[in-house]
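Chemist: Prediction below, plus the sequence it came from.
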Amino acid sequence: MTDSKYFTTTKKGEIFELKAELNSDKKEKKKEAVKKVIASMTVGKDVSALFPDVVNCMQTDNLELKKLVYLYLMNYAKSQPDMAIMAVNTFVKDCEDLNPLIRALAVRTMGCIRVDKITEYLCEPLRKCLKDEDPYVRKTAAVCVAKLHDINAQLVEDQGFLDTLKDLISDSNPMVVANAVAALSEIAESHPNSNLLDLNPQTINKLLTALNECTEWGQIFILDCLASYLPRDDRESQSICERVTPRLSHANSAVVLSAVKVLMKFMEMLPKDLDYYGTLLKKLAPPLVTLLSAEPELQYVALRNINLIVQKRPEILKHEMKVFFVKYNDPIYVKLEKLDIMIRLASQANIAQVLAELKEYATEVDVDFVRKAVRAIGRCAIKVEQSAERCVSTLLDLIQTKVNYVVQEAIVVIKDIFRKYPNKYESVIATLCENLDSLDEPEARAAMIWIVGEYAERIDNADELLESFLEGFHDESTQVQLQLLTAIVKLFLKKPTETQELVQQVLSLATQDSDNPDLRDRGYIYWRLLSTDPVAAKEVVLAEKPLISEETDLIEPTLLEELICHIGTLASVYHKPPSAFVEGSRGVQHKRLPPRAGSGESTESPDVGQSGPSEAPPAVIPSQGDLLGDLLNLDLAPPTATVPSVQPSMQMGAMDLLGGGLDSLMGDESDTVIKLSERGTAMPASLGGAPAVGGGLGDLFDLGGGVGMPTGSYVAPKTVWLLAMKAKGLEISGTFARRGGIIQMDLSLTNKAMSVMTDFAIQFNRNSFGLAPAGPLQVLTPLSPNQTIDVSLPLSTSGPVMKMEPLNNLQVAVKNNIDVFYFSCQYPLSLLFVEDGKMDRQVFLATWKDIPNDNEAQFQIKDIHLNSDVASNKLQGSNIFTIAKRTVEGQDMLYQSVKLTNGIWVLAEMRIQTGNPNYTVNGNKET
């Protein structure tokens with residue numbers, strides 16, 4: 001007989017009868033009664049009144065009965081906390097049972113009972129179970145630590161469970177290792193700065209060994225943990241890739257995607273000319289292709305991830321175009337995703353094949369899919385120039401089908417093709433005009449009007465065509481009205497004598513009869529232009545337009561890097577960072593790919609590398625909709641954060657304004673003096689965050705400058721901070737410099753739009769060192785199309801302070817007459833080194849001796865071909881002053897001091913070996 005009998009509603013289901021049965025002497029009767037209680041609880045009946053009777057049933061050797069009672073306890077312990085304590089003795093006793101299943105069951109249940117009163121009793125049994133001889137008990141106890149941490153984090157830390165959990169990573173049983181990693185990862189998510197997973201080559205080796213033997217979900221936990229590790233060099237990166245690659249052939253798609261994530265991250269560190277790099281690219285394709293033979297839901301998840309991978313590394317799947325061809329029985333969401341990837345993979349080699357497929361799709365019955373297919377043909381024409389003629393021919397064939405929605409989509413994409421290839425395919429305009437009457441969708445009507453206005457001189461009856469649209473002007477959508485206004489003004493400028501009446505009519509409709517502010521404003525602008533200076537109007541309205549870009553829907557590079565780090569998670573399906581859809585503190589850590597091989601960034605010493613964000617793109621500021629306030633009230637901090645305002649006269653070094661000062665550079669809590677001292681160990685993991693410190697000591701040597709160059713503060717070359725496509729045609733490049741004690745931001749503003757830009761202003765968000773503009777942005781003349789203006793903006797350090805991540809991140813808003821635009825960049829810390837940073841020798845000696853050597857760190861500056869005297873002179877140009885020099889065993893020792901704008905002093909010792917291009921800096925910080 002099945003268990004359904006327990007859910008029947010008979011007299012026996014009454015509480016008083018169940019109570020009697022629970023207290024029966026017969027074991028079978030007692031078990032039946034507990035099953036009935038669980039059945040009643042499952043269907044929503046309140047059986048909490050039976051709590052003491054059910055708890056009494058715990059004293060049994062029967063494993064099935066014990067499981068049922070534990071299930072009941074987990075459900076009702078929260079509502080009956082005082083009664084739940086009655087069960088504690090049994091739990092403690094069960095944790096010492098001879099049967100490992102019962103020991104594990106007891107510790108698991110105690111972890112699931114989220115009652116504060118019970119947690120203190122859980123500590124001792126949990127400690128024993130973490131060191132149990134049976135691996136099943138240990139792996140269960142590892143997960144219990146994470147559950148307990150969620151209830152009472154302080155208790156877990158005080159009891160030393162986190163250290164025990166770290167020790168379990170070295171366990172001989174792979175499942176124990178996997179659960180320990182899972183628990184530590186869970187705890188680390190809620191405490192992002194705790195550095196619980198202190199990964200080093202020895203730990204990584206243990207994880208890779210366990211990876212081969214644990215279950216599939218254990219493998220996922222370990223792979224996700226590996227993905228957060230930063231290898232020391234390309235050799236270690238290759239070694240890890242070689243040991244992870246076999247996971248690509250796993251049957252579980254989640255394991256495959258986790259392995260792909262690890263390989264995609266570590267490939268960044270492999271030189272592209274390495275043979276193994278090419279081999280790895282070939283190995284990544286088959287598992288991704290295999291994922292597409294799963295059921296549709298899994299296919300969709302795989303396709304969303306592949307979409308990201310193809311944007312980052314299209315070469316992986318460039319020969320696998322056929323697997324993305326749509327099948328007749330694919331659901332629409334799979335079809336659309338495949339279509340998107342086909343376009344991304346389209347190239348001169350496979351375009352004929354792709355176009356044949358797309359033409360076939362355009363005859364399907366699914367309207368949404370057909371629309372997307374027609375658009376895809378247009379995108380192929382724009383992406384692969386050699387195929388443009390064939391694409392246009394295909395689109396004309398589709399227009400001849402006279403299927404309404406096909407014609408409309410074709411006209412929309414042909415407009416884009418005209419923008420990409422001007423004066424090349426205008427012969428098709430006559431065919432387009434034949435279909436004018438069938439257009440009923442705003443986007444298609446607007447596209448057709450644009451074509452008529454743009455090529456009015458080639459269309460004999462252009463005025464009649466536009467006049468036909470004008471008849472129902474007020475019924476049209478705003479998009480069509482705006483386009484019609486511009487098209488008629490273009491027509492008037494090309495044929496002024498024939499269309500004077502028409503232009504007056506449209507200007508009157510747009511300005512006097514319309515209540516749409518955009519339309520009214522554009523109408524007034526055209527009216528004034530035409531009435532005051534027709535020549536200027538012609539230059540503005542008929543100006544040469546910039547070519548449209550090939551790929552307008554690519555994900556922004558910084559966001560793409562973050563999403564690659566989240567392959568196999570919801571973020572990779574939504575194509576949004578976790579912070580966009582996860583509430584609360586969890587899941588909002590921003591991840592980045594490791595520095596690319598040969599980029600000049602050192603994984604050993606993040607201080608050494610390119611100044612500013614030239615190699616690694618700056619972090620992306622949230623979209624305008626996510627920001628709090630406009631240019632005049634720029635504040636990107638969470639609403640709850642309160643930062644004390646800082647008076648310019650106050651010495652900032654006197655306060656711990658950065659919530660740890662140079663914490664993220666050197667490790668623990670900050671002090672006003674940092675010592676870079678003699679004996680060194682590896683740099684603490686928190687320094688690993690130091691892409692934050694782009695523009696470190698390596699840049700100060702100005703490697704390309706040569707020995708004969710005059711000394712002076714190193715200025716990095718300008719890099720693009722804001723792309724024109726992100727800022728309505730405004731491109732901003734820049735760098736930072738310190739000249740004569742004044743910090744300056746050197747900007748190049750380029751107008752890649754068609755309209756003049758004026759009224760520039762700039763503002764910074766609160767930042768780690770209080771950087772703020774010391775005056776307005778001096779753009780004295782209007783910025784014309786295709787013009788570039790160089791501006792130098794002086795900066796002060798008296799602005800409001802808030803610790804940024806990374807420490808030297810600067811969030812900027814620039815306003816002009818078009819809009820407000822946001823971007824972020826990173827400034828070199830050497831910018832903050834002040835001119836009076838030379839410490840007195842006696843003070844230096846006393847301070848140096850006072851700082852203990854317990855908290856030590858070491859890093860290297862590589863490939864510096866200068867002797868100690870030249871190096872010292874160059875460093876002095878950046879306000880790093882040499883206090884003393886001595887020679888020990890052929891090594892020159894430079895003792896140096898630096899003072900930051902906020903009053904923090906840094907003391908350093910640098911060792912330079914003659915003939916050795918690598919300098920060693922050993923570090924320590926006063927605690």
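Modeler: Done, it's in. Note that the structure is a prediction, hence the values are computed from the model and not measured.

Chemist: now the nearest residue to Val756 once chain neighbours are set aside: how far from Ser755?
Modeler: Spatially, and ignoring its direct neighbours in sequence, Val756 is nearest to Pro782 (4.7 Å; CB to CB, 6 or more residues apart in numbering). C-betas here are computed from N, CA, C, even on glycine. Pro782 sits 10 Å away from Ser755 when distances are taken as CB to CB, to the nearest Å.

Chemist: Pull the distance from whichever strand or helix holds Arg911 to the chain's centre.
Modeler: Taking DSSP states H and E as the definition, Arg911 sits inside strand 905-913. Mean-position distance between strand 905-913 and its chain equals 36 Å (CA atoms, centre = their mean, to the nearest Å).

Chemist: Ok, stretch 429-449 next?
Modeler: 41 Å.

Chemist: related to what we said a few turns ago, other SSEs contacting the strand holding Arg911?
Modeler: Here strand 905-913 touches strand 673-675, helix 841-850, helix 868-877, strand 891-899, strand 919-925, going by 3 or more CB pairs under 8 Å, 6 or more residues apart in numbering; DSSP states H and E.

Chemist: do that again at 6 Å, thanks
Modeler: strand 673-675, strand 891-899, strand 919-925 (3 or more CB pairs under 6 Å, 6 or more residues apart in numbering; DSSP states H and E).

Chemist: That one to strand 891-899, inter-axis angle?
Modeler: 160 degrees (axes from the mean of the first three to the mean of the last three CA atoms, to 10 degrees).

Chemist: what comes up buried for strand 905-913?
Modeler: Trp905, Val906, Leu907, Ala908, Glu909, Met910, Arg911, Ile912 (16 or more other CB atoms under 10 Å).

Chemist: and the strand or helix carrying Gln311, what does it pack onto?
Modeler: In the assignment (DSSP H and E), Gln311 maps to helix 296-312. If contacts are counted by 3+ CB pairs under 6 Å, 6+ apart, helix 296-312 sits against helix 332-345, helix 557-564, helix 570-574.

Chemist: out of those helices, which comes closest to Asp25?
Modeler: helix 570-574 (53.1 Å; CB to CB).

Chemist: contacts for the closest one?
Modeler: Helix 570-574 is contacted by residues Val301, Arg304, Asn305, Leu308, Leu563, His566, Pro578 when judged by CB atoms under 6 Å, 6 or more residues apart in numbering.

Chemist: For PyMOL, what selects the buried ones among those?
Modeler: Remark: buried members of the contacts of helix 570-574, expressed as a PyMOL selection using 16+ other CB under 10 Å:
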select buried, resi 301+304+305+308+563+566+578
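
Chemist: and the contacts of helix 570-574 as JSON lines, adding pLDDT and distance to Asp340?
Modeler: JSON lines is the format used below for the contacts of helix 570-574 (pLDDT from 0 to 100; distance: CB to CB, whole Å):
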{"residue": "Val301", "pLDDT": "94", "distance to Asp340": "15"}
{"residue": "Arg304", "pLDDT": "93", "distance to Asp340": "10"}
{"residue": "Asn305", "pLDDT": "93", "distance to Asp340": "13"}
{"residue": "Leu308", "pLDDT": "92", "distance to Asp340": "11"}
{"residue": "Leu563", "pLDDT": "90", "distance to Asp340": "15"}
{"residue": "His566", "pLDDT": "89", "distance to Asp340": "19"}
{"residue": "Pro578", "pLDDT": "86", "distance to Asp340": "23"}
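
Chemist: Please render the contacts of helix 570-574 as JSON lines that adds distance to Ala182 to the earlier fields.
Modeler: Formatted as JSON lines, these follow (distance: CB to CB, whole Å):
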{"residue": "Val301", "distance to Ala182": "21"}
{"residue": "Arg304", "distance to Ala182": "25"}
{"residue": "Asn305", "distance to Ala182": "22"}
{"residue": "Leu308", "distance to Ala182": "25"}
{"residue": "Leu563", "distance to Ala182": "23"}
{"residue": "His566", "distance to Ala182": "17"}
{"residue": "Pro578", "distance to Ala182": "18"}
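
Chemist: which one of the contacts of helix 570-574 is nearest Tyr121?
Modeler: Each of the contacts of helix 570-574 was scored against Tyr121 by CB to CB, and Pro578 proved nearest at 36.0 Å.

Chemist: Distance check, the closest one against Gln219.
Modeler: Pro578 is 22 Å from Gln219, by CB to CB.

Chemist: Repeat that for Asn817.
Modeler: Applying CB to CB, the value for Asn817 to Gln219 is 56 Å.

Chemist: With neighbour numbers in mind, choose between the two.
Modeler: Per other CB atoms under 10 Å, whichever of Asn817 and Gln219 has more neighbours is Gln219, with 24 against 12.

Chemist: Tell me which helix or strand the more buried one sits in.
Modeler: In the assignment (DSSP H and E), Gln219 maps to helix 216-227.

Chemist: Could you look up the next helix or strand downstream of that helix?
Modeler: helix 234-244.

Chemist: which residues touch the helix or strand just after that next one?
Modeler: Remark: after helix 234-244, the chain's next helix or strand is helix 253-267, criterion DSSP H and E. Contact with helix 253-267 is made by 216, 219-220, 223-224, 226-227, 237, 240-241, 244, 247-248, 250, 287, 291, 298, 305, 564, 567-568, 593, as judged by CB under 6 Å, 6+ apart.

Chemist: What of stretch 298-315?
Modeler: Under CB under 6 Å, 6+ apart, the answer for stretch 298-315 is 253, 257, 281, 288, 291-292, 317, 333-334, 337, 341, 344, 554, 560, 563-564, 567, 572-573.

Chemist: Which members of the residues you listed are classed as buried?
Modeler: Neighbour counting by 16+ other CB under 10 Å classes 253, 257, 281, 288, 291-292, 317, 334, 337, 341, 344, 560, 563-564, 567, 572-573 among the contacts of stretch 298-315 as buried.

Chemist: The helix or strand hosting Phe418: how far from the chain's middle?
Modeler: Secondary structure assignment for Phe418, by DSSP H and E: helix 404-420. How far helix 404-420 lies from its chain's middle: 34 Å, per CA atoms, centre = their mean.

Chemist: Do a quick rundown of the strands in the chain.
Modeler: Taking DSSP state E, the strands of the chain run over residues 673-675, 719-722, 730-739, 742-751, 761-764, 772-773, 788-796, 809-815, 820-826, 856-861, 881-888, 891-899, 905-913, 919-925.

Chemist: Met175 is nearest to which of those strands?
Modeler: Short answer: strand 856-861, nearest of the strands of the chain by CB to CB, at 36.0 Å.

Chemist: Where does pLDDT dip in the stretch 651-800 of the chain?
Modeler: Residue ranges of the stretch 651-800 of the chain with pLDDT under 70: 651-713.

Chemist: again, only this time at 90
Modeler: Low-confidence segments of the stretch 651-800 of the chain (pLDDT under 90): 651-716, 724-729, 738-742, 752-757, 759, 766, 768-769, 774-786, 797-800.

Chemist: the helices in it, which residues?
Modeler: 663-666, 697-700 (DSSP state H, counting those that start in this stretch).

Chemist: and Leu777, what is it in contact with?
Modeler: Phe760, Ala761, Ile762, Leu793.

Chemist: Of those - the most surrounded one?
Modeler: Going by other CB under 10 Å, Phe760 tops the contacts of Leu777 with 21 neighbours.

Chemist: for that residue, what are its contacts?
Modeler: Applying CB under 6 Å, 6+ apart, the residues near Phe760 are Leu777, Val779, Asn816.
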